[in-house]
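Student: A predicted structure for the sequence below; I have some questions about it.
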Amino acid sequence: MAKRGGFPGGGMPGNMNNLMKQAQRMQRQMEEAQKELEEKEVTATAGGGAVEITVSGKHEIIKVKIDQEVVDPDDVEMLEDLIMAAANEAFRKLDEESANSMAKITGGMGGMGGLGGLPF
């Protein structure tokens, strides 16, 4: 009587083996892309360039440039708002670059969550 279940020869079928190789290749590409992103720097401005913030790919603020004209001791709140706006924009740009980089690797599969676009 023929055996039920399992795979002939005890190995994975060809399609599953190819899928595993593709997943491993994708994982290596994602790791490489993550390293590249960590080395990136993104700059954003607020107040028409009065405040400039540069962040690293590790989500750390690495440079703050403030135009002397916006330093008003009587309006510290405006300067705080400009710094916050520039920092938030820099982080948004960084996140966008990260998402675009990963989308190139995954082919738009939704970040592998639930393996949405895989054929099984």
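Tutor: Yep, it's here.
Student: contacts and neighbour counts: CA atoms only from here.
Tutor: Noted.
Student: List the buried residues of the host helix or strand of Asn100.
Tutor: According to DSSP states H and E, Asn100 maps onto helix 76-106. Neighbour counts over helix 76-106 (16 or more other Cα atoms under 10 Å) mark 79, 82-83, 85-91, 93-94, 97-98, 101-102, 105-106 as buried.
Student: wait, what's in contact with the most centrally placed residue in the chain?
Tutor: By Cα atoms, centre = their mean, the chain has its centre lying nearest to Ser98, at 2.4 Å. For Ser98, the contact set (Cα atoms under 8 Å, 6 or more residues apart in numbering) comprises Gln34, Leu37.
Student: ranges for the strands of this protein?
Tutor: Using DSSP state E, the strands of the chain run over 41-46, 51-56, 61-66.
Student: Return the most buried member of those.
Tutor: Compared across those, strand 51-56 shows the largest average neighbour count, a mean of 22 (mean count of other Cα atoms under 10 Å).
Student: For Thr45, which non-adjacent residue is spatially closest?
Tutor: Excluding its sequence neighbours, the residue lying closest to Thr45 (Cα to Cα, 6 or more residues apart in numbering) is Glu52, at 4.3 Å.
Student: Bridged to that neighbour, which residues?
Tutor: Counting by DSSP bridges, Glu52 is bridged to Thr45, Lys65.
Student: What ranges in this protein fall below the confidence cut-off?
Tutor: Residues of the chain meeting the criterion pLDDT under 70: 1-13, 108-120.
Student: give me that answer again for 90
Tutor: Low-confidence segments of the chain (pLDDT under 90): 1-39, 97-120.
Student: re earlier: now the strands of the chain in a markdown table, with distance to Met30?
Tutor: Shown next, in a markdown table, are the strands of the chain (distance: least, Cα to Cα, whole Å):
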| stretch | distance to Met30 |
| --- | --- |
| strand 41-46 | 19 |
| strand 51-56 | 18 |
| strand 61-66 | 24 |
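Student: Tell me which residues touch the residue lying closest to Val64 once chain neighbours are set aside, please.
Tutor: Excluding its sequence neighbours, the residue lying closest to Val64 (Cα to Cα, 6+ apart) is Ile53, at 4.7 Å. For Ile53, the contact set (Cα under 8 Å, 6+ apart) comprises Thr43, Ala44, Thr45, Ile61, Ile62, Lys63, Val64, Lys65, Ile83, Ala86, Ala87, Ala90.
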